[in-house]
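Asks: sharing a model prediction with you, sequence too.
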Amino acid sequence: MPALATRIRWLRRLPRASRIAALDAGLRFADETERAALAESLVEELVRAASMPLFLGRHRRDSIDAAWVALLRSWSLLAPQLRAMALAAMGRELPRCFETGPAAADTAVQVGLAAAAAEVRSPEAIRAVGALLALPYETVAEAAETALLDITRQAHRLDQPVLACLDRELAAAARGYEQHRRRRAMQAVAIFADRPGPELAAWLAEEDHPAHMALRAVVRRAEGDDVSGRCVRLLARPSVAPAAMDRLSRRDGGPAWWSFLAESHLLLNAARRRRLRAAPKPAQFLPGWHELSALSAAARRGLPAWVSTLPLAGPDKAARLVRLLTESDPATRWLAVGALANESPVEPDAREALLDYAFDRDHRVARRALISLLREAPSFEALRKLQRSPHEDVRAIAQRRLDDTDMWKAPQGRWSCAAVAHRRLASDRDGVVSELRNRVRNGDTSSRVNAIELVRRLQIARELELELLAAAAADDPRIVATAVRVLGSLDGDSAQSALIACASHADARVRANAVETLGASNAPSASVIEAMGDADPRTSANAIRARMLAGDSIAETKLVDLLRDDDPRRRISGLWVAERLTPESLAERVAHLARDDDDEHVRRRAQRCARRMLANMRTSWTRSATLGERAEEASWA
């Protein structure tokens with residue numbers, strides 16, 4: 001037999017139609033060594049036909065179609081370079097051939113057309129694949145579904161018009177599933193469903209469509225490197241979300257499975273968060289500690305958001321975030337700090353971890369940890385520890401908060417000190433009590449007085465009873481007078497005995513405070529009765545007020561004596577009692593003092609007392625008149 005080159009030279013002497021038919025027949029039966037030469041000759045025929053002048057019209061088009069059909073019939077046998085040459089040679093004729101190709105009578109041509117469409121990926125090629133998928137020939141439909149799947153896998157490289165066409169054809173394939181029943185076509189739908197166009201999204205919204213069952217089955221059996229990320233994206237689609245959750249719960253081996261961790265931004269979608277938070281076994285969606293080292297940097301950065309979203313138990317969630325403290329990537333540690341701080345309530349282990357993060361070598365991580373820690377009202381000791389931070393700005397912020405939480409350095413005075421003490425008491429009760437106990441015992445006079453005053457404002461006298469009793473027996477009258485005011489909140493016999501002893505103290509201020517405290521307890525005390533005749537005006541006034549509130553008639557006589565005393569200080573003390581109790585029987589005496597007393601201070605105090613008594617009388621008259629009218633109305637009714 002002559003050589004192949006000789007036979008090809010003979011073929012070139014034949015008419016064009018005969019040449020193409022001979023090359024077509026020979027190509028299908030040639031061995032591998034001869035196939036390349038025959039295919040190259042056939043591509044040359046296509047190039048010659050495409051280069052014919054346009055005025056040849058139908059003759060040119062028939063020549064192109066004959067060569068193109070011959071190439072399609074053996075498309076799978078052609079080398080990639082020859083297929084690319086053929087597609088390039090077709091040029092502007094390619095859309096027309098894709099539009100008319102599905103109507104070809106030869107199934108081999110239709111199969112080749114589907115394979116060529118997968119390489120061209122134009123709107124006309126995609127429409128041709130959709131038409132071939134609906135044909136009743138098994139080999140053609142199989143080639144069409146394979147082409148549709150290949151095109152969908154390359155969707156990220158397609159232009160918007162091509163994507164719109166692909167969206168329409170996939171929606172049509174999904175709606176026609178009951179007719180063609182092609183599994184790979186549904187695989188293509190599943191791949192495109194996480195970012196669908198309007199047509200496919202409308203079909204996905206039809207949750208009662210019968211083909212959704214097939215789609216869910218495909219999602220549950222999906223394979224590939226990007227299957228986990230695709231399933232996470234599908235969680236936002238109610239029709240396939242259960243199947244996506246099932247697939248995510250069956251992890252595959254290898255680091256590629258955890259690529260979905262990098263897409264933590266998807267968790268901003270409320271539907272995805274609801275699905276994940278309802279997971280019965282959330283730990284299966286997270287890698288084990290032995291797998292962390294194999295994760296990509298992007299996956300490790302997304303891990304804190306996933307840990308924060310999944311319904312893990314508080315200690316388990318905190319432990320997973322705490323372990324990220326050892327990550328080398330500062331961005332991962334920064335995100336882990338944010339996830340720890342967003343937990344409510346913050347676990348004790350998480351609070352300790354935030355303190356550790358505040359010493360991170362990256363100042364951004366340390367600063368965020370400190371700010372998160374400050375929201376949890378850190379203890380005084382923790383703030384002092386932060387003074388050793390390697391970062392200047394962290395030390396400065398901690399120092400400012402330390403100054404704000406120091407009960408003894410509040411800049412606005414004792415009321416500010418009490419407010420600071422209240423805040424510290426809520427977060428560090430034992431530390432505040434210990435500090436106050438030490439100050440009441442061992443401080444100087446000013447420190448002890450301030451500490452006892454804070455005990456009274458914080459209402460924690462019961463926890464410092466022994467220290468207060470010791471302070472009531474101190475040598476300094478200022479300390480004793482302050483302690484006496486606090487002992488009234490204690491119910492023990494020891495406190496009562498200390499108050500009775502202080503009622504006869506040498507210092508007038510101590511006696512006055514003791515009598516006032518004893519009188520407020522409403523318990524009959526001989527010390528209070530005896531104090532009504534005390535030489536100190538304030539002491540006697542406190543005693544008279546206490547006894548008048550108890551209904552003692554002798555106390556009112558003592559008050560009259562106090563108002564008639566020659567000492568203006570005692571008259572002022574009597575007016576203080578009258579102003580608070582407003583007895584109407586003393587109105588005339590108060591009016592006399594307001595009008596005729598020799599001392600200006602007494603007159604001013606008496607005038608204020610008279611106004612108070614008059615206002616009280618008017619209120620009483622109005623109340624009595626109202627009650628009388630209501631009683632009369634009730635009697636007539």
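Replies: Looks like it arrived, so ask away.

Asks: what are the ranges of the strands in the stretch 451-600 of the chain?
Replies: Applying DSSP state E, counting those that start in this stretch to the stretch 451-600 of the chain gives no strands.

Asks: how about the helices in it?
Replies: Assigned by DSSP state H, counting those that start in this stretch, the stretch 451-600 of the chain shows helices spanning 465-472, 477-487, 493-502, 508-520, 526-531, 537-549, 553-563, 568-581, 587-596, 600-636.

Asks: would you turn these into TSV with mean pLDDT?
Replies: Formatted as TSV, the helices of the stretch 451-600 of the chain follow (pLDDT from 0 to 100):
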stretch	mean pLDDT
helix 465-472	90
helix 477-487	91
helix 493-502	88
helix 508-520	89
helix 526-531	86
helix 537-549	90
helix 553-563	88
helix 568-581	90
helix 587-596	89
helix 600-636	70
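
Asks: which of these sits closest to A294?
Replies: For those, proximity to A294 was assessed by CB to CB; helix 465-472 is nearest, at 60.4 Å. C-beta here means a position set from N, CA and C on the backbone, and glycine is covered the same way.

Asks: may I have that closest one as CSV, with CA atoms only?
Replies: Extracted in CSV, the C-alpha atoms of helix 465-472 (Å, rounded to 0.1, in the frame of the first residue of the first chain):
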residue,chain,number,x,y,z
GLU,A,465,-18.4,44.6,112.4
LEU,A,466,-15.2,43.9,114.4
GLU,A,467,-13.3,46.7,112.8
LEU,A,468,-16.1,49.2,113.4
LEU,A,469,-16.4,48.1,117.1
ALA,A,470,-12.7,48.7,117.5
ALA,A,471,-13.0,52.1,115.8
ALA,A,472,-15.8,53.0,118.2
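
Asks: now the angle between helix 477-487 and it, please.
Replies: For helix 465-472 against helix 477-487, the angle between stretch directions is 140 degrees (axes from the mean of the first three to the mean of the last three CA atoms, to 10 degrees).

Asks: and helix 465-472, what does it pack against?
Replies: helix 429-442, helix 445-458, helix 477-487, helix 493-502 (3 or more CB pairs under 8 Å, 6 or more residues apart in numbering; DSSP states H and E).

Asks: show me what the shortest one is packed against.
Replies: Meaning helix 493-502. Here helix 493-502 touches helix 465-472, helix 477-487, helix 508-520, going by 3+ CB pairs under 8 Å, 6+ apart.

Asks: now those helices in TSV, with distance to A270?
Replies: Below are the helices and strands packed on helix 493-502 laid out as TSV (distance: least, CB to CB, whole Å):
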stretch	distance to A270
helix 465-472	55
helix 477-487	54
helix 508-520	58
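
Asks: and the ones you listed as CSV, adding distance to R384 and mean neighbour count?
Replies: Formatted as CSV, the helices and strands packed on helix 493-502 follow (distance: least, CB to CB, whole Å; neighbours: other CB atoms under 10 Å):
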stretch, distance to R384, mean neighbour count
helix 465-472, 24, 20
helix 477-487, 29, 23
helix 508-520, 37, 24
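
Asks: of all those, which one is nearest R608?
Replies: R608 lies closest, by CB to CB, to one member of those: helix 508-520, at 21.1 Å.

Asks: tell me the confidence at A193?
Replies: A193 carries a pLDDT value of 90.

Asks: quick one on the thing from earlier: dump the helices of the stretch 451-600 of the chain to CSV, plus distance to L261.
Replies: Output for the helices of the stretch 451-600 of the chain, formatted as CSV (distance: least, CB to CB, whole Å):
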stretch, distance to L261
helix 465-472, 57
helix 477-487, 59
helix 493-502, 63
helix 508-520, 66
helix 526-531, 75
helix 537-549, 73
helix 553-563, 81
helix 568-581, 72
helix 587-596, 83
helix 600-636, 73
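
Asks: among the ones you listed, which comes closest to S446?
Replies: S446 sits nearest to helix 477-487 of all those, at 8.6 Å, using CB to CB.

Asks: and that closest one with helix 493-502, angle?
Replies: Per the same axes, to 10 degrees, the angle that helix 477-487 makes with helix 493-502 is 140 degrees.

Asks: neighbouring contacts of helix 477-487?
Replies: Applying CB atoms under 8 Å, 6 or more residues apart in numbering, the external contacts of helix 477-487 come out as 445, 448-449, 452-453, 455-456, 461, 468-469, 471-474, 495, 498-499, 502, 505, 507, 509-510, 513-514, 516-517.

Asks: contacts only, for D65.
Replies: Counting by CB under 8 Å, 6+ apart, D65 touches C97.

Asks: the host helix or strand of it: what's the following helix or strand?
Replies: Element membership of D65 [criterion: DSSP states H and E] is helix 58-73. Heading C-terminal from helix 58-73, the first helix or strand you meet, by DSSP H and E, is helix 80-90.

Asks: list the buried residues for the helix or strand where L276 lies?
Replies: Using DSSP H and E, L276 maps to helix 270-277. The neighbour-count check on helix 270-277 (16 or more other CB atoms under 10 Å) flags 272, 275-276 as buried.

Asks: stretch 494-501 now?
Replies: For stretch 494-501, the buried set under the neighbour-count rule, 16+ other CB under 10 Å, comprises 495-496, 498-499.

Asks: pull the contacting residues for the most centrally placed residue in the chain.
Replies: By CA atoms, centre = their mean, the chain has its centre lying nearest to N342, at 5.3 Å. N342 makes contact with S308, according to CB under 8 Å, 6+ apart.

Asks: repeat that for 10 Å
Replies: Going by CB atoms under 10 Å, 6 or more residues apart in numbering, N342 touches 304-305, 308, 372.

Asks: for P378, see how far away it is.
Replies: From N342 across to P378, the span is 17 Å (CB to CB, to the nearest Å).

Asks: could you do P161 as well?
Replies: Separation of P161 from P378 (CB to CB) stands at 59 Å.

Asks: and the two? which has more neighbours close in?
Replies: The residue with more neighbours, out of P161 and P378, is P378; 24 against 10, by other CB atoms under 10 Å.

Asks: give me the low-pLDDT residue ranges for the protein?
Replies: Scanning the chain for pLDDT under 70 picks out 1-38, 40-41, 47-59, 253-255, 344-346, 377, 380, 404-417, 522-524, 620-637.

Asks: of all the helices and strands packed on helix 493-502, which lies closest to R230?
Replies: Per CB to CB, nearest to R230 of the helices and strands packed on helix 493-502: helix 465-472, 68.6 Å.

Asks: Y357 contacts H391, doesn't it?
Replies: No: at 11.9 Å, Y357 and H391 do not qualify as touching, with contact defined as CB atoms under 10 Å.

Asks: anything in contact with each of those two?
Replies: In contact with both Y357 and H391: 365-367, 370, using CB under 10 Å, 6+ apart.

Asks: could I get those residues as CSV with distance to L549 and neighbour count?
Replies: Formatted as CSV, the shared contacts of Y357 and H391 follow (distance: CB to CB, whole Å; neighbours: other CB atoms under 10 Å):
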residue, distance to L549, neighbour count
V365, 63, 23
A366, 60, 23
R367, 59, 20
L370, 54, 27
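
Asks: for L286, which residues are in contact?
Replies: Counting by CB under 10 Å, 6+ apart, L286 touches 251, 258, 261, 292, 303, 306-307, 310, 312, 316, 320.
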